[in-house]
Structure formats: C-alpha cells, structure tokens
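>>> What follows is a predicted structure for the sequence shown.
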Amino acid sequence: MRTEWILVGILGFGVLLFCGCNRAAVRFYGASTDFPRTTTGFASKTNLPYTIVVTMPVDRRVEHHGEKIAGTKWKACSTDAIIDSQVPSFIQQRLVEELKASGIFAKVVTQPTGPDDIIMNAEVDAFCSQAIGVIYLRVAGMSSLHVVLKCNGKTFLDEKFEKVVTDADPEYTGSQLAFIQQAMRVTMADSLRELMKNMLGKIENETTLLRKSSI
C-alpha cells in the first residue's frame, strides 16, 4: 500500500511538472463564480450625434495562437475560462455595454438603422488565460481585438488593441487566494476592461475628428 501511494505521488508530481508551462490544464472546476462583470468607468467629454452599430465579432483566436500580446512575454493561447462558442457574443455584449455607458454616441445598436450609421467591426485575436509555474503560480489574462470603424463606407479607425493583466498587477481585481479557474476568469475580465478603456478613448478622439471634418 505504501509503495502504491509513493507511485501515486510521483505520478502526480510528474503531471505538475508536465503542466508547469501552463497550469490551466489543472483546474478546480466548481470552485469559481460567474464571469466577473467589471466596467471601465470611461465617461466621454461629449455626446456625438451618431448611431454606432456593433456587429458580431469574428473569432480569429486560432489564427493567432503563439503570438506575443501587448509586447509582453505572454502569448495567445488556446485555454480560456469560458466556453469557446460564447466568446464572440460575450465580447459584443461587453462592447455594447461599455459604449452605452461611455456616452460617446447618441445610440448604440447591433443592427443597422440607416446609411449614416457608424459600423464597428471587431476581430477577436486573443481572449484567454494562462497559469504558469509549479510552486509559485502566476496567472495572466490577455485580450487582443482588431477594431475597424467605418462611416458611409469609409474607414476612419483601424487599430489593434491589446492588454495583459496578471494576478500581480494593480489592475487585477481578484483575490490572491482565488482558485485557479476563478483567477483565470478575473484576469481575462480585467484585461478586457483595460483594453476597452484604451479603445474608448481612441474611438472618442477619432469620431470627434470625423465630426469636425464633416461640419
């Protein structure tokens, strides 16, 4: 019996070493809450008289696996803490919520309403999390969105926005005692929040310039 427990211990340690590059493979399911709802708190300086149409984002994550995110050592990965098929609709929902709360536009919708609508197309290049380490674990959430805004068929914003948040960063809103899966979810949500904060500022600036050029 003692020999069997020793073998089990060795096997378990081997699994940890094997998964040390990404402890996301070893998760504690059922130990997390729903995906965190974090907000940017971004408030526009002015309300622009446009309707923006937030189309369903295109999932391009598979095409960008292994790419470094936001100039960091962290790379786009295949692991995430929510169901893959939900990612485009989840991102669209968060975009709509943040755009409405920001007050940049007069109206935020998901279906076209007229020829003067601003169309927002987005590609999800990365939205995932990793947990790296054996004894000392570091969790990171990463987001990368390629956003294109068009008005009357003309592109006035075409930019990629990226952000990585680890459980050691000041932007992290979770607990250091969180289970792995929950820490993964929190870092993902935090990275998306910080990305959107930067994105909203850029959208406000570019749309204001568009407005001035059309007057």
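Structure received.

>>> lowest average confidence, helix or strand, in this protein?
Within the chain, no helix or strand scores below helix 2-18, which has a mean of 43 by mean pLDDT, DSSP states H and E.

>>> Which SSE is immediately downstream of that one?
strand 48-54 (DSSP states H and E).

>>> got the residue ranges for the strands in the protein?
48-54, 58-59, 105-109, 118-132, 138-151, 154-166 (DSSP state E).

>>> Any chance of the ones you listed in JSON lines with distance to Ile91, mean neighbour count and mean pLDDT as columns?
For every residue, glycine as well, the C-beta is placed using N, CA and C. Listed next are the strands of the chain as JSON lines, based on distance: least, CB to CB, whole Å; neighbours: other CB atoms under 10 Å; pLDDT from 0 to 100:
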{"stretch": "strand 48-54", "distance to Ile91": "9", "mean neighbour count": "18", "mean pLDDT": "97"}
{"stretch": "strand 58-59", "distance to Ile91": "9", "mean neighbour count": "14", "mean pLDDT": "96"}
{"stretch": "strand 105-109", "distance to Ile91": "14", "mean neighbour count": "16", "mean pLDDT": "98"}
{"stretch": "strand 118-132", "distance to Ile91": "6", "mean neighbour count": "23", "mean pLDDT": "95"}
{"stretch": "strand 138-151", "distance to Ile91": "7", "mean neighbour count": "23", "mean pLDDT": "96"}
{"stretch": "strand 154-166", "distance to Ile91": "12", "mean neighbour count": "18", "mean pLDDT": "97"}
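
>>> and those strands as CSV, adding distance to Trp74?
Compiled in CSV, the strands of the chain are given as follows (distance: least, CB to CB, whole Å):
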stretch, distance to Trp74
strand 48-54, 27
strand 58-59, 20
strand 105-109, 31
strand 118-132, 7
strand 138-151, 5
strand 154-166, 5
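
>>> Can you say which of the ones you listed is nearest to Ala76?
Ala76 sits nearest to strand 118-132 of all those, at 3.9 Å, using CB to CB.

>>> Tell me who's in contact with Arg60.
Contact analysis of Arg60 by CB atoms under 8 Å, 6 or more residues apart in numbering lists 123-125, 146.

>>> helices and strands around the helix ranked longest in the chain, which ones?
Secondary structure of the chain per DSSP state H: the longest helix is helix 180-214. The contact analysis (3 or more CB pairs under 8 Å, 6 or more residues apart in numbering; DSSP states H and E) places helix 180-214 against strand 48-54, helix 87-102, strand 118-132, strand 138-151, strand 154-166.
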